[in-house]
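# what follows is a predicted structure for the sequence shown.
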Amino acid sequence: MIVVMEERAPEELIQKVIDRLMEDRFDVHRSTGVIHTVLGGVGGPETFDTAIVELMEGVKEVHRVISPYKLASRAFRPEGTIVKAGKVEIGGNRMVVMAGPCSVESRDQIERAADIVADGGATVIRGGAFKPRSSPYSFQGLGEPGLQMLREAADRRGLAVISEVMDISQIVLLSAYSDILQIGARNMQNFNLLRELGRIRKPVLLKRGIAATIEELLLSAEYILSGGNYQVILCERGIRTFETYTRNTFDISAIPVVKKLSHLPIVADPSHGTGRRDMVPPMARAAVAAGADALLMEVHHDPDHALSDGAQSLNPVQYAELMVQLRALAPVIGRTI
Ligand code: PEP
Ligand code: MN
């Protein structure tokens, strides 16, 4: 149930509504907007008569949320959510570019990557230190030393950091080095991990599962939100279909669908979405046009020798050219990069 308070309703009236909902064992999640405060009541009795709250002083309207996700629904924050990671804001008018190698491979490699991505205009550097690889014999990442290198390179260029957490046991370590914790596609329905992420107060980027519907993605986000961590960013990274030409099928329509259904920012990852470097620029441009709040792209100084995902990593020239194009494209839809 979503309770929208009247414009600038006084705190004491808001508190009365919260108390009334809690009396009926609702978990109450509060979103304080510039104009309206919205209360999300989760749980509670199914037979609860919404008129009880509707008639309370200071209440503008009450909606029963019929979607299975509540806190992730657009109704909870009609104006949209802006997630802050360091100095970077994701979900505002300014589009964000997150770029960097698939994996942190060495100090030299990540220092070069920091220069390439920062010079092009990205404000967040990516790089995995714990890698979910399909084969146990593939490069698994450098672990903590990799995170250290990533943080140092980022700090030298004033970039925020995003890196993947694969397991509950890595949350504390990742939180120390990374501004955004990435949850990989293979972990989108690792519900124990999602619950733990609900307990922390760090931005989480949740990638869509390889065969997940948009509703399943939003329900996974709900696990994190219902724990009280509202800093969730969603990511479209392609899904598995019968098409084999590209590594995945990049579901661009998921971007406007998520925008309609949810207040959470949506990021597009055309690198994993296509698996091919030559397809990344057109799909990145399409994602900007479709309304993505940010792009997550793999960039490597020497993609042919990358230890992971080289085929889909842009080389420095391709990346620089693409950034020029994206900056020209964004104003067409009223945004900046
Ligand atoms: C990655 O970002 O390098 C990655 C492993 O992504 P995904 O979980 O989308 O496959
Ligand atoms: Mn990758």
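Ah, there it is. Ligands and ions are numbered 1, 2, ... in the order given.
# which one is the residue of the chain found nearest ligand 1 nearest to, not counting chain neighbours?
Ranking the residues of the chain by distance to ligand 1 (Cβ to the nearest ligand atom) places Gly184 first, at 3.0 Å. (C-beta placed from N, C-alpha, C; glycine too.) Residue nearest to Gly184 in three dimensions, not counting chain neighbours: Pro132, with 5.0 Å by Cβ to Cβ, 6 or more residues apart in numbering.
# now for the one you found, how many residues are close by?
Using other Cβ atoms under 10 Å, Pro132 has 14 neighbouring residues.
# likewise for the one 5 residues further on?
Residue crowding around Tyr137 was assessed by other Cβ under 10 Å; the count is 7.
# next one: the one 10 residues further on
Using other Cβ under 10 Å as the criterion, Leu147 is surrounded by 24 other residues.
# residues touching the residue nearest to Gly184, list them.
Neighbouring residues of Pro132 by Cβ atoms under 8 Å, 6 or more residues apart in numbering: Glu164, Met166, Gly184, Arg186, Asn187.
# make a PyMOL selection of the buried ones in those residues.
The following PyMOL line selects those of the contacts of Pro132 that are buried, judged by 16 or more other Cβ atoms under 10 Å:
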select buried, resi 164+166+184+187
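# what residues does this protein put near ligand 1?
For the chain, the residues in contact with ligand 1 (Cβ under 6 Å from any ligand atom) are Cys102, Gly128, Pro132, Gly184, Ala185, Arg186, Lys207, Arg237, His272.
# contacting residues around stretch 30-47?
Stretch 30-47 is contacted by residues 1-9, 14, 17-18, 21, 24-29, 60, 70-71, 75-79, 226, 230 when judged by Cβ under 8 Å, 6+ apart.
# out of those residues, list just those in strands.
The strands, defined by DSSP state E, take in Ile2, Val3, Val4, Met5, Phe26, Asp27, Val28, His29, Lys60 from the contacts of stretch 30-47.
# which of the residues you listed are buried? Put it as a ChimeraX command.
The buried subset of those, as determined by 16+ other Cβ under 10 Å, is captured in ChimeraX by this line:
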select :2,3,4,5,26,28,29
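# what's the most distant pair in the ones in strands among the contacts of stretch 30-47?
Of all pairs drawn from the ones in strands among the contacts of stretch 30-47, the greatest distance, 21.4 Å, lies between Asp27 and Lys60 (Cβ to Cβ).
# of the residues of the chain next to ligand 1, which are in range of ligand 2?
Cys102 (Cβ under 5 Å from the ion).
# pLDDT check: weakest of the residues of the chain next to ligand 1?
Ranked by pLDDT, the residues of the chain next to ligand 1 bottom out at Pro132, which has 91.
# and it, how far is that from Val97?
Applying Cβ to Cβ, to the nearest Å, the value for Pro132 to Val97 is 23 Å.
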